[in-house]
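[1] Please work out how this folds:
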Amino acid sequence: MVAPCVVDQGIVYQKQDMQRLLQDLGQVCYFHSQEGETLSEGQGLVREVFADERRSTMVAHHSLYLNVCSFDYLELGVSPEGDAFFDLVQDSRRLRLVPLTNPLLQATAHALDTATLEVMMAEVLSANLDAQLDDDDHPAY
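    The predicted model follows:
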């Protein structure tokens, strides 16, 4: 048997795969609906994604704690405007997540932060070495 391959659109049933797709979403717009009627919507940050039959999915105070066991499947798609979305579906309930952050931009920012940190560390070490050399040239009596 060959493992499924989902590219940009499709349905994911495996809880572990759902968890992997959701864990790095970051900031999202969410739309909670039941039987096609929107019950609530807002923006928040995905704080935690887990699989635990005894814990709840919670959306409160701009924070999302997503339990993939609360849903039957995840539908991955692209809106007509070209925005990716992740629909968590359980019976007639749907929690749509639309990412507001771009993982490519986040990776670039992280790489820049790492490079900046490396330059700063090199400057600190160089300054420390210079100070030690100055102390060696002018011993304290």
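
[2] how much space between the nearest residue to S92 once chain neighbours are set aside and R20?
    If the residues on either side of it in the chain are set aside, S92 comes closest to E35, at 4.6 Å by C-beta to C-beta, 6 or more residues apart in numbering. The C-beta positions use only the backbone N, C-alpha and C, and glycine is treated the same way. The spacing between E35 and R20, counted by C-beta to C-beta, to the nearest Å, is 29 Å.

[3] Could you do A122 as well?
    36 Å.

[4] Ok, S33 next?
    25 Å.

[5] When these two are compared, which one has more neighbours?
    Using other C-beta atoms under 10 Å as the criterion, S33 and R20 rank with S33 on top: 16 against 13.

[6] In terms of helix, strand or coil, where does that one fall?
    strand (DSSP: H, G, I helix; E, B strand; the rest coil).

[7] For S79, see how far away the closest residue in space to it that isn't next to it in sequence is.
    Of all residues not flanking S33 in the chain, R94 sits nearest, at 5.0 Å (C-beta to C-beta, 6+ apart). Per C-beta to C-beta, R94 is found 14 Å from S79.

[8] neighbour count winner among these two?
    R94 (19 against 10).

[9] In a strand, the more buried one, correct?
    Yes. Judged by three-state DSSP, R94 forms part of a strand.
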